[in-house]
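Peer 1: sequence first, predicted coordinates after that:
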Amino acid sequence: MIYKLFEAFDKRFGVERAKAHCDVPCGIYDPIIPQIAALTVVRMIDLMTDLEGKTTDKNLAYFNTLSRYVAVKEEHAEKLKNDVRVIWGDYLKAQHLEKYPQAHALVHEIMALGSKVRQTTDRETALKLVEKLNDFAQIFWETKGVATKRAKAPYAPGLELVYPNL
Amino acid sequence: MQQVVASCVFAFYLRMFQLLKVAGDSLLPEYQSGDFVVILKISGCIRLRVGDVIVFHQPGYGVLIKRIQAISPDGQEITAIGANPASVDSRIFGVVRLRDVLGKVVWQIRKPG
């Protein structure tokens, strides 16, 4: 009876919720995963450009190899977008976003660039994506109080990444 | 005249108490999702004790309800946990600051069934 009374009050006026929140938070987040995915996108564009330049006979083998490069580029571009969304949505808290208000715009830029590298084979766009992910990694490690360093990735395309200086 | 008095008393209670609805299962079996709780808002004369169920605002998480496990000697930091091992509580986000506590539960209205 009394519960029904409160329930009716809630339906009419809307009672604030107190969350007895349950989750299984692993607490493991690392921007290196989307950073490497962005490098992979650049690498696929390089391989596609190289293949296009050296292949005169556009035979079945050519299309097979090219489509595999495109598929990997697609997969990694989408993966990095998802990984960044998870860090942004699950790891970054209100206090982080107060300190780094540019994070929202940065994530939005990464989403847009992530789509652009799927639509095109423009290397400059892919390089810009790598740099935006470096900016994102910089913010991430700063929220953890971990110093960073820039170093060239030890594999092609050998671009500079922001790493935690552990 | 009686209506005026009743309105004044009601307004007084509104300032001291707040009605909230529980959402989530971290305090099962004692509190289940859908229960209503009335909290006595924190003021100078309210003393929190270990075992009290409190409602507080946790930055990044919103308004949460948990049980007090420990209170620092100066009373300013509270360890609040759920009954469920998967509960997101002080084991995840650290201590709760006293100034973020909205109040303690003084009445639970259980969801039937």
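Peer 2: Good, I have the coordinates. Just so it is clear, the structure is predicted and the values come from calculations on it, not from any experiment.

Peer 1: which intervals of chain B have sub-threshold pLDDT?
Peer 2: Applying pLDDT under 70 to chain B flags residues B:1-14, B:44-45.

Peer 1: so which residues of it form helices?
Peer 2: B:2-16, B:90-93 (DSSP state H).

Peer 1: now swap in chain A and tell me
Peer 2: Going by DSSP H, chain A shows helices at A:2-13, A:32-54, A:60-86, A:94-99, A:103-119, A:123-143.

Peer 1: and the residue in chain B that chain A sits nearest to, its phi and psi?
Peer 2: Distances between chain B and chain A by Cβ to the nearest Cβ are smallest at residue B:60, namely 3.1 Å. (Glycine included, C-beta is placed from N, CA and C.) Backbone geometry at residue B:60, expressed as degrees, to the nearest 10, gives phi 90, psi -20.

Peer 1: which ones are touching it?
Peer 2: A:93-96, B:93 (Cβ atoms under 8 Å, 6 or more residues apart in numbering or on different chains).

Peer 1: could you do residue A:99 as well?
Peer 2: residue A:143.

Peer 1: and it, what pLDDT?
Peer 2: Confidence at residue A:99, expressed as pLDDT, is 91.

Peer 1: any figure for the gap between it and residue A:93?
Peer 2: 10 Å (Cβ to Cβ, to the nearest Å).

Peer 1: for residue A:136, same thing?
Peer 2: 16 Å.

Peer 1: neighbour count: these two, which is higher?
Peer 2: Ranked by neighbour count (other Cβ atoms under 10 Å in any protein chain shown), residue A:136 and residue A:93 place residue A:136 first, with 24 against 14.

Peer 1: if I look at that one, how far off is chain B?
Peer 2: For residue A:136, the distance to chain B equals 18 Å [Cβ to the nearest Cβ, to the nearest Å].

Peer 1: right, and that residue touches residue A:105 too?
Peer 2: No: if you go by Cβ atoms under 8 Å, residue A:136 and residue A:105 don't touch, sitting 11.2 Å apart.

Peer 1: low-confidence regions, chain A specifically.
Peer 2: A:22-27.

Peer 1: quick check: the residue of it nearest chain B.
Peer 2: residue A:93 (3.1 Å).

Peer 1: which residue packs closest to that residue, ignoring adjacent ones?
Peer 2: Spatial nearest neighbour of residue A:93, excluding adjacent residues (Cβ to Cβ, 6 or more residues apart in numbering or on different chains): residue B:60 at 3.1 Å.

Peer 1: measure that neighbour to residue B:95 for me?
Peer 2: Residue B:60 is 15 Å from residue B:95, where distance means Cβ to Cβ.

Peer 1: for residue B:104, which residues make a bridge with it?
Peer 2: residue B:40, residue B:54 (DSSP bridges).
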